[in-house]
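Engineer: Provided below are the primary sequence and the corresponding predicted coordinates.
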Amino acid sequence: EPEVTQTPSHQVTQMGQEVILRCVPISNHLYFYWYRQILGQKVEFLVSFYNNEISEKSEIFDDQFSVERPDGSNFTLKIRSTKLEDSAMYFCASSAVWGRDTIYFGEGSWLTVV
Amino acid sequence: KQEVTQIPAALSVPEGENLVLNCSFTDSAIYNLQWFRQDPGKGLTSLLLIQSSQREQTSGRLNASLDKSSGRSTLYIAASQPGDSATYLCAVRRKTSGSRLTFGEGTQLTVNP
């Protein structure tokens, strides 16, 4: 079964460093997402991306975050200057159709900021 | 603003029992509701997607129902097994924000052999 793959599975970084999380969405999907889950809290929406543009973002997704689809297969989340409170599991997801389709999630990238 | 609540927060049952997990949401203008399973430290596995026009969806031992007007969904698990132990999350997609899922806190299920 096709799946969303994410790398790295775990990253430890110093506060203030830049981090890039990588994702390969399911190949025929057109809509891409990032979510995060702080330990013990709900899964939260960060951003959705379609046709090389952000289609929606949450209040969490401020200027320190950016997303990019650098080629035909990868989708990345960059955190410019990490803070302690950015420590979380970051999930990439994709779907084929907007609105009504199943959204498929990857295994997550666990980010620890020290 | 959409709020999603799941009850109970945790549930422990003996193997073989049938069980029901509950999900409620405040804004009934939704496209669909999706149930997920999350194992500790792992990703989200989609179990069932139920569209706003549907009342039920079934997959194997799982059955999800949706009552959009009252803002409720249930996930029924038949003949539970220890391998069903996980956290179950529900998430809704609002019509005003079709690209985002709003999640509940989850129900942590333990099925004891």
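Structural biologist: Yep, that arrived.

Engineer: what are the bridge partners for the residue positioned nearest the centre of chain A, then?
Structural biologist: Nearest to the geometric centre of chain A sits A:Trp34, at 3.1 Å (C-alpha atoms, centre = their mean). Beta-bridge pairing of A:Trp34 under DSSP bridges involves A:Val47, A:Cys92.

Engineer: tell me the pLDDT at it?
Structural biologist: As predicted, A:Trp34 sits at a pLDDT of 98.

Engineer: And for A:Glu68?
Structural biologist: Residue-level pLDDT assigned to A:Glu68 equals 95.

Engineer: excluding its backbone neighbours, what's nearest it?
Structural biologist: With sequence-adjacent residues excluded and distances taken as C-beta to C-beta, 6 or more residues apart in numbering or on different chains, A:Glu68 is closest to A:Thr76, at 5.1 Å. Just so you know, the C-beta spots here come from the backbone N, C-alpha and C atoms, and that holds for glycine as well.

Engineer: who does that neighbour bridge with?
Structural biologist: Note on A:Thr76: beta-bridge partners by DSSP bridges are A:Arg22, A:Glu68.

Engineer: Give me every residue in chain A lying close to chain B.
Structural biologist: A:31, A:33, A:35, A:42-45, A:48, A:50, A:55-56, A:58, A:89, A:91, A:93, A:98-108, A:110 (C-beta under 8 Å from any C-beta of the partner chain).

Engineer: Weed out the non-buried ones from these.
Structural biologist: Buried residues within the residues of chain A next to chain B, counting neighbours by 16 or more other C-beta atoms under 10 Å in any protein chain shown: A:31, A:33, A:35, A:42-45, A:48, A:50, A:55-56, A:58, A:89, A:91, A:93, A:101, A:103-108, A:110.
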